[in-house]
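[1] sequence first, predicted coordinates after that:
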Amino acid sequence: MPSRANIWALKSLGVEWVISVSAVGSLRENIAPRDLVIPDQLFDRTKSRVNSFYEGGVVVHCSFAEPFCPTLSSLLLESARELGDVKVHQGGTYVCMEGPLFSTKAESNVYRKLEMDIIGMTALPEAKLAREAELCYAIIACATDYDCWYESEETVSVDMVIGNLSANIENAKRILQKVAQKLPADRHAQECTCEHALASTIMTAPALIPAEAKEKYNLLIGRYIS
Ligand SMILES: [Zn+2]
């Protein structure tokens, strides 16, 4: 998936809020298939993806300690709870693996020991790129199955997985309808600092940034270096 092109396109269009709907495996007994999770942490286990916009001419180190927008995450949580008929988990760590193959049992058990809660393949690098583009970004994670650590007597069938997937898609659509009506018109008034994520992160002195890099990254850093 061309995450960089997608986030760049959203930024170019003036988008401020980005919601990702992500199918995940559960690493916890209490997060059952069809449950929803609004994660608050990420663990990066990807290895061959381009995870930054900046490739030279300028050095940028963004804070990523809190990888998701707290304002958008709260709105997603509130909207998900309003559905009333779906279990929603507040917070949790999403481990993003490289894929496309799923985990081995050893990996799955290690993630559980490290207190990860859900596992997926899509949150990164888009969360990092959204931060570099100063977009508010949060995730609705929909559990489709228990990851391979889970020993169950129930046989997983294609029908079951498809059934969970369709229910998750339906629930995600209902949340998006609700949250769309709650998005603040003005990001300035919000508690999150996503729109200023690049302030004090550009390590290269503006005078030393080559004209080519200034032009290339103007959409992202133009207002900080002019
Ligand atoms: Zn934000």
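    Received it, and whenever you're ready, just let me know what you need. Residues are numbered from 1 along each chain as shown.

[2] and residue 202, bridged to which residues?
    residue 60 (DSSP bridges).

[3] list the contacts of it.
    58, 59, 60, 221, 224, 225 (CB atoms under 8 Å, 6 or more residues apart in numbering). Every residue, glycine included, has its C-beta placed from N, CA and C.

[4] what number of residues are in the vicinity of the closest residue to residue 127 other than its chain neighbours?
    Ranked by CB to CB, 6 or more residues apart in numbering and with sequence neighbours excluded, the top spatial neighbour of residue 127 is residue 67, at 5.1 Å. Residue 67 has 22 neighbours, counted by other CB atoms under 10 Å.

[5] residue contacts, residue 67?
    Counted by CB under 8 Å, 6+ apart, residue 67 has contacts 41, 42, 127, 128, 131.

[6] and the contacts of the longest helix anywhere in the chain?
    The residue-count maximum for a helix in the chain (DSSP state H) belongs to helix 158-180. Residues outside helix 158-180 that contact it (CB under 8 Å, 6+ apart) are 19, 21, 23, 33-34, 36, 75-76, 79-80, 82-83, 86, 140, 142-145.

[7] now go through these and say which are in strands.
    Members of the contacts of helix 158-180 lying in strands (criterion: DSSP state E): 19, 21, 23, 36, 140, 142, 143, 144, 145.

[8] ok, residue 203 touching residue 62?
    No. Counting by CB atoms under 8 Å, residue 203 stays clear of residue 62, with 10.9 Å between them.

[9] the more surrounded of these two?
    Ranked by neighbour count (other CB under 10 Å), residue 203 and residue 62 place residue 62 first, with 17 against 9.

[10] in a strand, the more buried one, correct?
    No. Counting by DSSP: H, G, I helix; E, B strand; the rest coil, residue 62 is not part of a strand but coil.

[11] list the contacts for it?
    128, 131, 132, 197, 198, 201.

[12] look at the fifth one and report its pLDDT.
    Residue 198 is assigned a pLDDT of 94 by the prediction.

[13] for it, which three-state class applies?
    Strictly by three-state DSSP, residue 198 counts as coil.

[14] how about the first one?
    Remark: residue 128 carries the secondary structure label helix [criterion: three-state DSSP].

[15] hang on, it packs against residue 52?
    Yes. Contact criterion CB under 8 Å: residue 128 and residue 52 qualify, at 6.8 Å.
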